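Q: Need the 3D shape of this:
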Amino acid sequence: MILVLSFLSAILMAGFSMGIKILLRYRLCNAGYVIFGINAASGLFAAAALLFIQEGIPSDASIAFAAMTLFVFVGHWLFGRALQEGDVSMVTPLLGLKIPMVALLAGFWLKEAFTGGIYVSIGLSSLAIVFFGLGRQQKAQGGHGSAPWLSIGLAVLAALSYSIGDIFTRRTVELMSPFTGLLWLQLCMGVIGVMILALPGYRQYRIQKVDYLLFALAGAMLLGGDRIVHGSNPSGRQCHNT
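A: Residues are numbered from 1 along each chain as shown. Presented below is the predicted three-dimensional model:
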C-alpha cells in the first residue's frame with residue numbers, strides 16, 4: 001500500500017513540476033511569481049479544508065512549524081528558479097538528493113544510527129541521481145557544451161532546504177496531526193505568497209483566465225502529493241495519545 005501511495009504522490013509531484021515549467025515557458029517568465037502564485041492557490045484549498053477540520057497549531061509546536069514552513073517555502077522558490085534555468089527532466093531528478101540528505105541530517109542532527117551499508121547506499125544513490133541529471137543535460141546539448149551549473153546548484157539547494165524542512169516536520173507531526181500540519185503549512189505559504197505578489201514589482205504581470213487554471217491545477221497537485229506523503233506517515237499526535 002505504501003508503494004502505491006508513493007507512486008501516486010510521485011505522479012502528482014511530477015504534474016506539479018510540469019505545471020511550473022509550462023507557466024514559466026509559455027505564460028510567465030518570473031519563477032518567483034509562478035511559485036508564489038501556486039502557493040497562493042494551494043493555500044486557498046488548504047483554507048477551505050481547515051474550515052471543516054477546525055484544528056489549530058499547538059503552542060508547543062509553533063517553533064518547529066515556523067521553521068518547517070520557512071525551509072519548505074525556500075525550497076519551493078529555489079525549485080522554481082532551477083526550472084527557469086534548466087529543463088524539467090534534469091532538475092526534477094536532482095530533487096531525489098533529498099532522500100540521502102534527510103538520512104545524513106537525521107544521523108547528524110537527531111543522532112539516528114545507521115549501518116555502514118546504509119551510508120554506502122546513500123553515497124551510491126546520490127552519485128546515480130547526479131550523473132542522471134548531468135546525462136540528461138548532455139543529451140539535450142548533443143553530448144557537449146557547458147553544463148547549466150546554476151540550475152544544478154539551485155536544484156541541490158532546493159533539495160537541501162526540503163531536507164531541513166523534513167527534519168522540522170518530524171518534530172511538528174509529533175505534536176499535531178500530520179494532515180492538519182500540512183494544511184496549515186500550505187495556508188501560511190499561501191498567505192506569504194499573496195503578500196509578496198502584492199508588491200509593486202509583481203504588478204506588471206497580467207494574468208489571464210488560463211493562468212488561474214494552471215495555478216489551481218499545480219496548487220492542487222502540490223497539496224495532493226504532500227497529502228499522500230503525510231497521510232501515509234503513521235506518526236502524529238493521535239498515535240502519541242493512544
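Q: all helices of the chain, in order?
A: Remark: helices assigned in the chain by DSSP state H are 2-22, 31-53, 62-85, 88-94, 98-109, 116-140, 149-173, 178-197, 209-231, 237-241.
Q: Let's have the ones you listed in CSV, adding mean pLDDT, distance to Arg203 and mean neighbour count.
A: Heads up, the C-betas are built off the backbone N, CA and C, glycines and all. What follows is those, written out as CSV (pLDDT from 0 to 100; distance: least, Cβ to Cβ, whole Å; neighbours: other Cβ atoms under 10 Å):
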stretch, mean pLDDT, distance to Arg203, mean neighbour count
helix 2-22, 72, 21, 16
helix 31-53, 87, 10, 21
helix 62-85, 87, 19, 21
helix 88-94, 74, 28, 22
helix 98-109, 77, 34, 17
helix 116-140, 53, 35, 14
helix 149-173, 87, 26, 21
helix 178-197, 88, 8, 21
helix 209-231, 76, 15, 19
helix 237-241, 41, 41, 12
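Q: Spit out the contact partners of Asp211.
A: Contacts for Asp211 (Cβ atoms under 8 Å, 6 or more residues apart in numbering) come out as Leu23, Arg27, Leu28, Gly37.
Q: For the spatially most central residue of the chain, which non-adjacent residue is closest in space?
A: Most central in the chain under Cα atoms, centre = their mean is His76, positioned 5.3 Å from the mean C-alpha point. Excluding the flanking residues, the one nearest His76 by Cβ to Cβ, 6 or more residues apart in numbering is Ile35, at 5.1 Å.
Q: thought the one you found was touching Leu78?
A: No: taking contacts as Cβ atoms under 8 Å, Ile35 lies outside contact range of Leu78: 9.1 Å.
Q: Which residues are in contact with Gly225?
A: Each residue near Gly225 by Cβ under 8 Å, 6+ apart is listed here: Ser9, Ala10, Leu12, Met13, Phe16.
Q: excluding its backbone neighbours, what's nearest it?
A: In space, Gly225 is closest to Leu12, 3.6 Å off (Cβ to Cβ, 6+ apart).
Q: on that earlier part again, residues touching the residue nearest to His76, list them.
A: Taking Cβ under 8 Å, 6+ apart, one finds Ile20, His76, Trp77, Phe79, Gly80, Gly193 in contact with Ile35.
Q: Nothing else from me, thank you.
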